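K.L.:
could you work out the structure for the sequence below:
(one chain, ligands or ions: 1)
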Amino acid sequence: AQSHVLWPEIDRITAEQLHYARQGVGEGVWELFAEDGEMRMYKREEEVNGLVVDPLKAVHTVKGVTGFEMCHYFFSPDYRLDWETTIEQMKVLEKVSDDTMIFLQIHKRVWPASQRDALFWSHLRQVPDSRDPDAQNIWIVCNHSTEHHSAPEKSNGKYIRVFLTVALVCQTMIEPPKNGAQITRDDLTCKITYCSVVNPGGWAPASVLRAVYKREYPKFLKKFTHYVYDQCKNKPIRF
Ligand SMILES: CCCCCc1ccc(-c2ccc(S(=O)(=O)CCO)cc2)cc1/C=C\c1ccccn1
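P.N.:
Take a look at the predicted model:
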């Protein structure tokens, strides 16, 4: 992927999002708006040109899966329609490399707003932890809106294009068994940070957008993490 025209942007945004995901929710004005078991979901209320673009940050802990497995199922197009309930269509416009693809997604209409689509590159990467060099256990998927010749903005004007930046950062924690036995899924914990900023691209009532996010984000992260656990529970562990 290093040769692709998008590479410098992919590298920069992915590094930025990793740094942003690592910032705690203690600082600044994060507002806890949803809790479910280990999942905590925070938002900041922000508007750009009168449009709600509330940044979202969720933290979650899931036992029995690795950070690679969580990121793999988030990145791969093969499983997306199994867990993403807000999309009507999904297309891979370009496979840049094994770890980088360009997606076009048409999202279900949220009445009374117009229907939206999202065009973004998606990049999966293992991250050496700068603070703990031998921690090879952090993976990130970064999704960021982009242009593409086969999905021009003005092609049919049927959908309003959203602008998004999303990061899923997952760290595997292993509790090695006392008796030196082989590691099982009971010894695994995945610490998840999910960050997203979605600019709706065109006007949508603030009340509608905030209601959608309040309803959809907790549902999405809960459904996604349960889906990955179920997919992995009877399969060999992949780090
Ligand atoms: C008026 C409604 C405007 C919002 C429409 C919309 C736009 C984008 C997106 C969206 C959400 C998550 C991603 S992702 O994390 O990259 C995973 C891959 O799909 C990409 C896109 C969603 C939704 C609509 C609903 C909605 C909002 C939160 C959460 C879930 N659904």
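
K.L.:
close to the ligand: what parts of this protein are there?
P.N.:
Applying CB under 6 Å from any ligand atom, one finds that the chain approaches the ligand through 84, 86-87, 105, 107, 110, 113, 116, 118, 143, 162, 164, 166, 196, 198, 200, 204, 209, 212-213, 216-217, 220. For glycine as for every other residue, the C-beta is placed from the backbone atoms N, C-alpha and C.

K.L.:
show only the entries of the residues you listed found in helices.
P.N.:
Secondary structure defined by DSSP state H assigns 209, 212-213, 216-217, 220 of those to helices.

K.L.:
just to revisit the earlier point, filter the residues of the chain next to the ligand down to the buried ones, ChimeraX style.
P.N.:
Here is the ChimeraX command that picks out the buried ones among these, judged by 16 or more other CB atoms under 10 Å:
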select :84,105,107,110,113,116,118,143,162,164,166,196,198,200,204,209,212,213,217,220
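
K.L.:
all strands for this protein, in order.
P.N.:
Taking DSSP state E as the test, the strands found in the chain are 31-36, 39-43, 47-48, 51-52, 56-63, 87-97, 100-107, 116-127, 138-145, 160-161, 163-174, 188-199.

K.L.:
and these as a markdown table, adding mean pLDDT?
P.N.:
As requested, those are arranged in a markdown table below (pLDDT from 0 to 100):
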| stretch | mean pLDDT |
| --- | --- |
| strand 31-36 | 96 |
| strand 39-43 | 98 |
| strand 47-48 | 92 |
| strand 51-52 | 94 |
| strand 56-63 | 98 |
| strand 87-97 | 97 |
| strand 100-107 | 97 |
| strand 116-127 | 97 |
| strand 138-145 | 98 |
| strand 160-161 | 96 |
| strand 163-174 | 97 |
| strand 188-199 | 97 |
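
K.L.:
okay, the ones you listed, which one's buried deepest?
P.N.:
Most buried of these, by mean neighbour count (mean count of other CB atoms under 10 Å): strand 138-145, with a mean of 23.

K.L.:
parallel or antiparallel, list what pairs with that one.
P.N.:
With DSSP bridges as the criterion, the sheet partners recorded for strand 138-145 are strand 116-127 (antiparallel), strand 163-174 (antiparallel).

K.L.:
what angle sits between it and strand 100-107?
P.N.:
Orientation note: strand 138-145 sits at an angle of 60 degrees relative to strand 100-107 (axes from the mean of the first three to the mean of the last three CA atoms, to 10 degrees).

K.L.:
what's in contact with strand 138-145?
P.N.:
Applying CB atoms under 8 Å, 6 or more residues apart in numbering, the contact partners of strand 138-145 are 9-10, 13-14, 17-18, 21, 67-68, 70-71, 74-75, 103, 118-129, 161-172.

K.L.:
pull the CA atoms of that strand into CSV?
P.N.:
Backbone C-alpha positions of strand 138-145 (Å, rounded to 0.1, in the frame of the first residue of the first chain) are rendered in CSV as follows:
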residue,chain,number,x,y,z
ILE,A,138,-2.5,-3.3,19.7
TRP,A,139,-4.5,-3.2,16.4
ILE,A,140,-6.3,-0.3,14.8
VAL,A,141,-8.8,0.0,12.0
CYS,A,142,-9.2,3.6,10.7
ASN,A,143,-12.0,4.7,8.4
HIS,A,144,-11.8,8.2,6.8
SER,A,145,-13.9,9.8,4.1
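
K.L.:
contact partners for the residue nearest to Gly202 when sequence neighbours are not counted?
P.N.:
Spatially, and ignoring its direct neighbours in sequence, Gly202 is nearest to Ile160 (3.9 Å; CB to CB, 6 or more residues apart in numbering). Applying CB under 8 Å, 6+ apart to Ile160 gives the contacts 114-117, 200-202.

K.L.:
could you redo the last one with a cut-off of 6 Å?
P.N.:
Applying CB atoms under 6 Å, 6 or more residues apart in numbering to Ile160 gives the contacts 114, 116, 201-202.
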